[in-house]
Each structure stands twice: as C-alpha cells, then as structure tokens.
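Participant: how does the following fold in three dimensions:
(one chain, ligands or ions: 1)
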Amino acid sequence: MNSQASGSSTYRSLAQQQAVVTRLLDSQLLPRFAQECNAVGQIAVRLAFKRDDQGRVQVVGTVQGDSELGCHRCDHTVWRKIEANVEVLLAFNEDQAAAWASQQAGSEVVVVSSANLDVVELVEDELLLALPERVCLDDDCPNMPAMFYGGEGLASVGEEAVQEDVDENRRLPFAGLKQALQDGEDKAP
Ligand SMILES: [Zn+2]
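Facilitator: Numbering: from 1, shown residues only. So this is what the prediction gives:
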C-alpha cells in the first residue's frame, strides 16, 4: 500500500496499514545533513511501516541521494552518492527504548518526538552516519598520507591491496605514453 501521508498520519496508523511512504526531501529539510555537505541533491526516502510480533512499530527502508563533499586534505569537492538503510523500532519515550534495548540487543531503537510521522526525524541521523570518512578517491587527492604511495611493505594496508598497480602506472605516466606513441609509429603504414 502506498501512502502519500500527510503530516497528520501517526506512526501507529501507518504501521497498522503496513504503509509505504516515499518522499523526496530537499536539503533545507535536512539542516544538519546539509551543514556537512557543500551541496545536497534531492534525497529519496522509502520507508515501509509495520508492526512486529510484539505490536511495536517497525520501520524498514532506504534513503539515498547525492551530496557534494569537501575533502579535508585538499581543496577538492566531490559528488558522492550517499545511501543508508533504515531498520528501526520506534519508541515513544525513553523508558520504552531502554526497556527494549535491555531485553533485545541488536534492534536499533529510535525515540520519536511525536506520535505523528516525521520523515526527517527518521532518516537524518542515518544520512549523517552514511557520510564517507574519505571524500577523495585516493588517486585524486594530492595530500593523502604517504603510506598510500609507499613502495614496499604495503601488506598491512589491506584495503589498498590493488592500489600498487595503479600507483605504478601513475608514477611514470609519460614513459607509458612514449611507449604507446612509439608502438603507434611502428605500426603506422
Ligand atoms: Zn582530497
């Protein structure tokens, strides 16, 4: 069921209907997220509401959009796709949240400020958590730490394992170009 729910929809009624709410949020609706970004495109939200086996309101969905981020190490800004999954139980007060957290680890509980639907309240924290720690792709950034460009002993940098080959090519860009030109000349009729 699709619901273009107005602000008067309550979380409980949405869960009762097993409603799916879709929204496109502009950046001004997400001030905390927008503050972390140079620019923000529209953020697409899809949230499915239901009741779990204990009658609690459960929300499962996705939030995604593009944002322009500034690198902390150089002056570059980069557009990055920000995506997050939402899977939370809604508590309507802190006591409820604390009780659920103690009886059942693993479920993320969000304490909502009102009984009425507030999409921003549900997704803004998830967006903030989804911001990448590194904005630049390594090759683009002139100020990445030296370890990413070091020659030997890169074994400890597991996620950069494929980086060596790329760097090798980048260190000698003109050598490769010269070779390519020569090859071209040799093969030219
Ligand atoms: Zn950078």
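Participant: so residue 69 is in which element?
Facilitator: strand 57-70 (DSSP states H and E).
Participant: okay, now the sheet partners of the helix or strand hosting residue 46, with direction.
Facilitator: Following DSSP H and E, the helix or strand that holds residue 46 is strand 39-51. According to DSSP bridges, strand 39-51 forms sheet pairs with strand 20-25 (antiparallel), strand 57-70 (antiparallel).
Participant: tell me the most buried of those strands?
Facilitator: Comparing the strands paired with strand 39-51 by mean neighbour count (mean count of other C-beta atoms under 10 Å), strand 57-70 ranks first with a mean of 19. Every C-beta, even on glycine, is put in place using the N, C-alpha and C of the backbone.
Participant: can that strand be found next to the ion?
Facilitator: No: using C-beta under 5 Å from the ion, we find that strand 57-70 stays clear of the ion, coming within 8.6 Å at best.
Participant: next helix or strand past that strand?
Facilitator: strand 77-91.
Participant: relative to strand 77-91, how tilted is the following helix or strand past that next one?
Facilitator: Remark: after strand 77-91, the chain's next helix or strand is helix 94-103, criterion DSSP H and E. Helix 94-103 runs at 90 degrees relative to strand 77-91, counting by axes from the mean of the first three to the mean of the last three C-alpha atoms, to 10 degrees.
Participant: which residues touch helix 94-103?
Facilitator: 56, 89, 91, 107, 109, 110, 111 (C-beta atoms under 8 Å, 6 or more residues apart in numbering).
Participant: tell me the mean pLDDT for that helix?
Facilitator: Averaging pLDDT along helix 94-103 yields 88.
Participant: for it, list the C-alpha coordinates in CSV.
Facilitator: What follows is helix 94-103, C-alpha atoms only, in CSV (Å, rounded to 0.1, in the frame of the first residue of the first chain):
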residue,chain,number,x,y,z
GLU,A,94,13.0,6.9,26.7
ASP,A,95,11.7,4.3,29.2
GLN,A,96,10.3,2.2,26.4
ALA,A,97,13.5,2.5,24.4
ALA,A,98,15.6,1.5,27.4
ALA,A,99,13.4,-1.5,28.2
TRP,A,100,13.5,-2.8,24.7
ALA,A,101,17.3,-2.3,24.4
SER,A,102,17.9,-4.3,27.5
GLN,A,103,15.6,-7.2,26.6
